[in-house]
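Undergrad: one predicted model, sequence on top.
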Amino acid sequence: MQELEITWERVMRVWWLLVWRGLLGGWILAVVLAFLIGEAGSRLGFEFPTVAAVATALSWLAGLAWGLVVVKMALKKNYQEFRLALVKKS
């Protein structure tokens, strides 16, 4: 396996995938969770500050989990001239 030099262009390709998928997916996930938790909380009669606190905490946790999914996507992706690989050290 040929090892390529770590150039800024290659770094930017990986960084951009992590950023845009992380932000877009995280934002969509947070909006959906906030809506569902807000709806459930209001139907169950909870006060807004309580619902907002729960929604915030769960959105943060979901965002962390989504971040792991995005890193896995980055590791599996075939970029234009390279792919990332986990190689066992000898």
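TA: Cool, the structure landed. Note that the structure is predicted; figures quoted are calculated from it, not measured.

Undergrad: centre of the chain to the longest helix belonging to the chain, how far?
TA: Longest helix in the chain by number of residues (criterion: DSSP state H): helix 8-43. The chain centroid and the centroid of helix 8-43 are separated by 6 Å under Cα atoms, centre = their mean, to the nearest Å.

Undergrad: now do it: which elements does it pack against?
TA: Secondary-structure packing of helix 8-43 (3 or more Cβ pairs under 8 Å, 6 or more residues apart in numbering; DSSP states H and E): helix 48-76. (Each C-beta comes from the backbone N, C-alpha and C, glycine too.)

Undergrad: angle of the helix it packs on against helix 8-43?
TA: Put simply, helix 48-76 runs at 150 degrees to helix 8-43, going by axes from the mean of the first three to the mean of the last three Cα atoms, to 10 degrees.

Undergrad: burial measure for residue 77, as a count.
TA: Using other Cβ atoms under 10 Å, residue 77 has 14 other residues around it.

Undergrad: which non-adjacent residue is nearest the residue nearest the centre of the chain?
TA: By Cα atoms, centre = their mean, the chain has its centre lying nearest to residue 67, at 2.9 Å. Distances taken as Cβ to Cβ, 6 or more residues apart in numbering place residue 22 nearest to residue 67, at 5.9 Å, with adjacent residues excluded.
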